[in-house]
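Peer 1: output the structure for:
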Amino acid sequence: MKVSVHKFNPRTLQHALLGGVVLAAMAVTGAHAATGEPMPMKDSMFEKADTNHDGMISAEEFKASGMQGKLFAKADSNHDGMLNSDEFAKAEAMGAAK
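Peer 2: Next up, the predicted model:
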């Protein structure tokens, strides 16, 4: 009987561990998407800009965060005078594109 002996390859271990981390991150993201709950945004720009911690960004908070005021109106999709986290991300993307 012939026994097969494989050499230890650290790259294989790295790839396996990285794959596990990616799968775990996807599972967490998927769980939030399935429940309709927003992903937690610790230390995010949104959280920093939301100085009164009401979960929304007012025009004043937006300007105080250093963003261009004209982006606020463009990002305020529902025209309620406030930005939720999705609208704020849209404003960030528009600002980064310029």
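
Peer 1: chain neighbours aside, what residue packs nearest to residue 59?
Peer 2: Leaving aside its chain neighbours, residue 59 sits nearest to residue 72 (5.4 Å; criterion: CB to CB, 6 or more residues apart in numbering). In short, each C-beta sits where N, CA and C put it, glycine included.

Peer 1: my guess is the one you found meets residue 91, correct?
Peer 2: Yes. If you go by CB atoms under 8 Å, residue 72 and residue 91 touch, sitting 6.6 Å apart.

Peer 1: common neighbours of the two, please.
Peer 2: Common contacts of residue 72 and residue 91 (CB atoms under 8 Å, 6 or more residues apart in numbering): 62, 83.

Peer 1: which residue of the two possesses the greater neighbour count?
Peer 2: residue 91 (25 against 22; other CB atoms under 10 Å).

Peer 1: excluding sequence neighbours, find me the nearest residue to residue 85.
Peer 2: Nearest non-adjacent residue to residue 85, counting by CB to CB, 6+ apart: residue 46, 5.1 Å away.
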